[in-house]
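Enquirer: only geometry, no sequence info:
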């Protein structure tokens, strides 16, 4: 049994296998088979619980569709439905769900909920997002980069803005896939030192550069994410905007990266804030390929978890 909790907790060879499998399944659905397509129905007869304590569009739809494409069924549960960790302990919930379903995907707030769920579950648990990391998104991002530009190993990725949970998983991926990452953003929103250290230990060059224009020089990929959380107060949103305004990804900033540098954003986006529509809809943007690839990458993750 394999849990998929974080990129740095998963063997690099297994991660590479998932990316290759995701690409093969995508190509097969497009009529360009590179390996066994997903019409083998590897999840036939399987039930997957999808637990959402946080609202979701892409995660919910992509996991639901992915399970169905592979012949399985889903049970979608909200935190309100379950009162997760309130009416019953996480450990007991995990033990009970393990008797009913074959796999659990959870999108939650506190990382400890994920880790406790996996500790007491007898079936694989997948991290659909926590406040600290978002590994499924980065698997989709690696897949997207490689289908447009080839191997990501040795490339320069620039993260502009807030060193949040998505940035954390990008740092994990830097170490596991062998690319370099430069963070550009205000000091108050730096990524965790632990995550930067993990990537450096793997041999990746991790740089913090406050000047966004210097940061993107030589970049193969520039990534942005929303500046505010849906749970932030109005005053918190205003403070964040003031801090992050110098790190907006616009056409002028992108002109300092490589001419063929890609732009990514995991969505949803606040256009004209963290990135302009000119960039998001421009020729170097792959944001909608990136969104689609959540489906293919997560299908590969689920197959790896179940060994099918």
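Expert: That came through fine. Since this is a predicted model, take the numbers as computed values, not measurements. Numbering: from 1, shown residues only.

Enquirer: name the next helix or strand downstream of the helix or strand hosting residue 143, please.
Expert: Element membership for residue 143 (DSSP states H and E) is helix 135-149. Following the chain from helix 135-149 toward its C-terminal end, the next helix or strand by DSSP H and E is strand 156-160.

Enquirer: name the helices or strands packed onto that following strand?
Expert: helix 165-177, strand 180-184, helix 212-215, strand 221-224 (3 or more C-beta pairs under 8 Å, 6 or more residues apart in numbering; DSSP states H and E). Where you see a C-beta, it was placed from the backbone N, CA and C, and this is true even at glycine.

Enquirer: quick one on the thing from earlier: and the helix holding residue 143, which residues are buried?
Expert: By neighbour count, and taking 16 or more other C-beta atoms under 10 Å as the criterion, the buried residues in helix 135-149 are 135-147.

Enquirer: can you tell me which of those residues is nearest residue 213?
Expert: The closest of the buried residues of helix 135-149 to residue 213 turns out to be residue 145 (C-beta to C-beta; 22.3 Å).

Enquirer: residue boundaries of the helices in this structure?
Expert: Counting by DSSP state H, residue ranges of the helices within the chain are 12-29, 58-69, 79-82, 90-100, 111-120, 135-149, 165-177, 193-201, 212-215, 234-244, 251-254, 277-280, 287-306.

Enquirer: which of those helices is buried the deepest?
Expert: Between the helices of the chain, helix 165-177 has the highest mean count of neighbours, a mean of 25, where neighbours are mean count of other C-beta atoms under 10 Å.

Enquirer: tell me the mean pLDDT for it?
Expert: Helix 165-177 carries an average pLDDT of 98.

Enquirer: what's opposite the closest residue in space to residue 285 that isn't next to it in sequence in the beta bridge?
Expert: Closest residue to residue 285 apart from its sequence neighbours, by C-beta to C-beta, 6 or more residues apart in numbering: residue 263 at 4.6 Å. Using DSSP bridges, the bridge partners assigned to residue 263 are residue 222, residue 285.
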